[in-house]
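> A structural model of the following input is requested.
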Amino acid sequence: MVTATSSAGRGATYSGRRQVVTVLAGSWVVLGVFIDGWAHFNRPSLETFFTPWHGLLYSGAAALFGWLLLPSPSVARRDRVWAVAAAAIFTAGGLGDLAWHQTFGVETGIDALVSPTHLLLMLGGLLGLTAPLRESRQQRLEGFRAALPALGSVTLAAALSAFFLLYVSPFAADAPTMALTTIPEGAPGHEAAEAPAVAGLAAYLVSTAVVVIPVLLLRIRGVLPFGAITVLVTSVATLSAAVTQFEQPAAPIAALIAGLVADAVVRSGRNLPASTQLPAIGAVVPLLLWGAQLLALAVTIGVRWPAELLIGVVLLSTMFGAVLGLLAVPRVRSGRDSTR
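Take a look at the predicted model:
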């Protein structure tokens, strides 16, 4: 006789396998996005929609949304609605992208990242990639292996977000390596002289949100095992740097080291109350990540920002991350942390 417990266990196992396949198909999509981005950034002569890189991207999307739309008893009705919406939005973006390229040609530079059809692809992709996180909301996930689908889901979503924000990515831009031109306040050219530093500061703050929000989300869901931060920040850093053919060669290594240290710090404070733990997580991740990234940049290429700006951008990002953690506190249920 099949007991209710064994049926529930098999259902959870089936659901977990489904989420793993979703993450694998999502990885196909995200790799396709970054490879296509690499081609556009480094081969500006592309003048057609029909390229091998688009083929990789759209075949991955077909696999992802085809899988998500398959009937499954483990998927709630509202999750199926989200899957249908994601597929519809992505399809509209893909057809629009084809029409856009045929009419206006292939975008180059920043306009490719903010093209309306590309933004539709991003929205549909984000909804599809986060399906494992939505589908696992009723599951109790213990340990790194059980948390992999949820971790993979938010990591892919963060990477996709980072791609569409490459124009303000510390891993793809070189603002700290550029010397600042000093022009007195109010003098002609003052604002133009400070523009590179302003853009650089904005890049660190935006990218702080890209990595900190997913980490906080995992913690709120009780799915932040040791290694999760390392996987997320190293993936974002490596993929972002790859688009520029690793002009920052040490960026992935710096992110890996920062992630491991952040994981150790977070694990040591896992028994702290959420009101303390979340702001601490939000502060620790950018403090270590940007500190390591700037140090690696200084060693490999050289930085030309003054010390005040270098230290200030790390502290500002740290404070911003702490604020994000504070904003997340009211959403946490009472009880002990399930972080492993």
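> where does pLDDT dip in the chain?
Per-residue confidence for the chain (pLDDT under 70) gives these ranges: 1-15, 44-50, 101-109, 111-112, 137-144, 182-194, 330-340.
> centre-most residue in it?
Ala158 (1.4 Å; C-alpha atoms, centre = their mean).
> okay, the nearest residue to that one once chain neighbours are set aside and Ala99: tell me how far apart.
Of all residues not flanking Ala158 in the chain, Pro214 sits nearest, at 4.6 Å (C-beta to C-beta, 6 or more residues apart in numbering). Every C-beta, even on glycine, is put in place using the N, C-alpha and C of the backbone. From Pro214 across to Ala99, the span is 33 Å (C-beta to C-beta, to the nearest Å).
> of these two, who's got more company?
Pro214 (27 against 12; other C-beta atoms under 10 Å).
> what sits against the more buried one?
Shown in contact with Pro214 (C-beta atoms under 8 Å, 6 or more residues apart in numbering): 154-155, 157-158, 232.
> and Ala255, by the same measure?
With C-beta under 8 Å, 6+ apart, Ala255 has these contacts: 233-234, 236-238, 289, 292-293.
> closest one of these to Ala199?
Nearest to Ala199 among those is Gln293, at 16.3 Å by C-beta to C-beta.
> isn't the closest one up against Pro252?
No: look at Gln293 against Pro252 with C-beta atoms under 8 Å: they stay out of range, at 10.2 Å.
> compare these two (neighbour count), which wins?
Gln293 (26 against 22).
> where does that one sit, in terms of helix or strand?
helix 274-300 (DSSP states H and E).
> buried residues of that helix, list them for me.
274, 277-298 (16 or more other C-beta atoms under 10 Å).
> name the next helix or strand downstream of the host helix or strand of Leu57, please.
Element membership for Leu57 (DSSP H and E) is helix 52-68. Moving toward the C-terminus from helix 52-68, the first helix or strand encountered (DSSP H and E) is helix 77-104.
> buried residues in that next one, which are they?
By neighbour count with 16+ other C-beta under 10 Å, helix 77-104 contains the buried residues 79, 82-83, 86-87, 89-91, 93-94, 96-97, 100-101.
> can you tell me which helices and strands that helix packs against?
helix 52-68, helix 116-129, helix 131-135 (3 or more C-beta pairs under 8 Å, 6 or more residues apart in numbering; DSSP states H and E).
> deepest in the core, which of those helices is it.
helix 131-135 (a mean of 23; mean count of other C-beta atoms under 10 Å).
> what residues does it touch?
15, 18-19, 22-23, 68, 74-76, 79, 82-83, 86, 149-150, 152-154, 217, 221.
> pull that helix out as CSV, backbone CA atoms only.
Extracted in CSV, the C-alpha atoms of helix 131-135 (Å, rounded to 0.1, in the frame of the first residue of the first chain):
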residue,chain,number,x,y,z
ALA,A,131,9.8,29.3,-11.9
PRO,A,132,11.8,27.0,-9.6
LEU,A,133,11.8,29.6,-6.8
ARG,A,134,8.0,30.0,-7.1
GLU,A,135,7.3,26.3,-7.4
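> helices of the stretch 151-300 of the chain, start to end?
190-220, 228-243, 251-268, 274-300 (DSSP state H, counting those that start in this stretch).
> tabulate these (a markdown table), appending distance to Val314.
Formatted as a markdown table, the helices of the stretch 151-300 of the chain follow (distance: least, C-beta to C-beta, whole Å):
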| stretch | distance to Val314 |
| --- | --- |
| helix 190-220 | 8 |
| helix 228-243 | 15 |
| helix 251-268 | 12 |
| helix 274-300 | 5 |
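> having no further points to raise, I will conclude here.
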